[in-house]
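**Q** Build me a model from this:
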Amino acid sequence: MNQLGAGIAITGVGSAKPETVLDNHHLSQMVETSDEWIQTRTGIRQRRLLDAQGSLSEMASAAAHKAMAMAGLSPVNLDLIILATSTADDLFGSACQIQASLGASNAVAFDLTAACSGFVFGMVTAAQFIRTGVYRNVLLIGADVLSRWVDWSDRCTCVLFGDGAGAVVMQANQQDRLLGFEIRSDGNQNGSLKLAYDARTQEIVKGVTVSRGCYQPITMNGKEVYRFAVQKVPEVIDKALFWANLTTDQVDWLVLHQANQRILDAVAQRLKIPSEKVLTNLSNYGNTSAASIPLVLDEGVQQGKIKPGDIIAASGFGAGLTWGSAIFQWGR
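**A** Coordinates of the predicted model:
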């Protein structure tokens, strides 16, 4: 047990993307759509897809290695691994597979499911372990392979989603760089976006039936999700900034879940944050769910945009429905 009241620093970030690219012209050969239609309504030009032989665990491990290398942290020094995902390789969870792959023999590992809000929820969860002094070195991974659960004949959803993984290292620190957060849920709107269980009745002996498990493809009410995001995301960012005792003028970068360019633009406009402070890679990767925020964060760091001490307002939102925001400074 470490000393109570430890601060938190985000000291490393990394990402991994599949090699296969599916652009809008490919999609126009599959469903009735066009590059112009997709870009106008979503801002997406292409997305990456994990091939049939690939695994989420491998992709997540690749992102994790890069994050740990940047942080200068050996896997054996990890205390905790949190995998934010909705598409684990194993329904019992994939975090332990990643722990074994990394050689993180001293780390506890578990999955966390909060869909596209998963990375923010994972950051808040990791923070509690560090702040209470239980752990010092935490690896947080956001990874999803939504292509496994897309109906490729449904043009309303198949144009949106891609695959990817991103990771950050969070460490106990003398100065606290996690400045504020707020997370929310509303199960009353669950039907707006879901990947639902599809029960198939099976009689195992006469008079005794059980359901044989499988899942339906992703379904979404686009108008409701847009309305929800545009209203709730600015509110939750404002609340997190309030807890951080900051204003939007003090935010260096807005890093939103990459769902739809219209949502990103509307949220930034409501917060009065100029477009040059909004980081996005949506056009290249589509909606990668829990991976989207760390993917953007990694690109911002690698491109030299995000510098040590910069204040980042991050927000995830999606199925559940769930949404949340974390305000943090990059670096030690």
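
**Q** In terms of pLDDT, where does the residue with the largest distance to the centre of the chain sit?
**A** No residue in the chain has its C-alpha farther from the mean C-alpha position than K206, which lies at 45.2 Å (CA atoms, centre = their mean). Per-residue confidence at K206 stands at 92 (pLDDT).

**Q** Then M1?
**A** So, for M1, pLDDT stands at 38.

**Q** Could you report the separation of D310 from G304?
**A** With distances taken as CB to CB, to the nearest Å, D310 is found 11 Å from G304. For every residue, glycine as well, the C-beta is placed using N, CA and C.

**Q** tally of neighbours for the closest residue to R332 other than its chain neighbours?
**A** Spatial nearest neighbour of R332, excluding adjacent residues (CB to CB, 6 or more residues apart in numbering): A9 at 4.7 Å. Burial measure for A9: 23 neighbouring residues, criterion other CB atoms under 10 Å.

**Q** would A9 count as being in a strand?
**A** Yes. Counting by DSSP: H, G, I helix; E, B strand; the rest coil, A9 falls inside a strand.

**Q** Report the beta-bridge partners for it.
**A** Counting by DSSP bridges, A9 is bridged to Q171.

**Q** Please tell me how far it sits from R41.
**A** 39 Å.

**Q** Show me the domain layout of the protein.
**A** The chain resolves into domains spanning 7-178, 179-189+218-329 when parsed by automatic domain parsing.

**Q** For the first one, the averaged confidence score.
**A** It refers to domain 7-178. In the prediction, domain 7-178 has an average pLDDT of 97.

**Q** Endpoint to endpoint, it covers what distance?
**A** Domain 7-178 has an end-to-end distance of 8 Å (CA to CA, to the nearest Å).

**Q** isn't the residue nearest to R332 right next to V168, touching?
**A** No. Counting by CB atoms under 8 Å, A9 does not reach V168; the two are 10.3 Å apart.

**Q** that older thread, of all the domains of the chain, which one is nearest A199?
**A** domain 7-178 (15.0 Å; CB to CB).

**Q** Please, where are all the strands along the stretch 151-300 of the chain?
**A** Assigned by DSSP state E, counting those that start in this stretch, the stretch 151-300 of the chain shows strands spanning 163-173, 178-185, 193-194, 200-205, 208-212, 219-220, 253-256, 278-279.

**Q** so of those, which one's packed in deepest?
**A** Highest mean neighbour count of the strands of the stretch 151-300 of the chain: strand 163-173, a mean of 28 (counted as mean count of other CB atoms under 10 Å).
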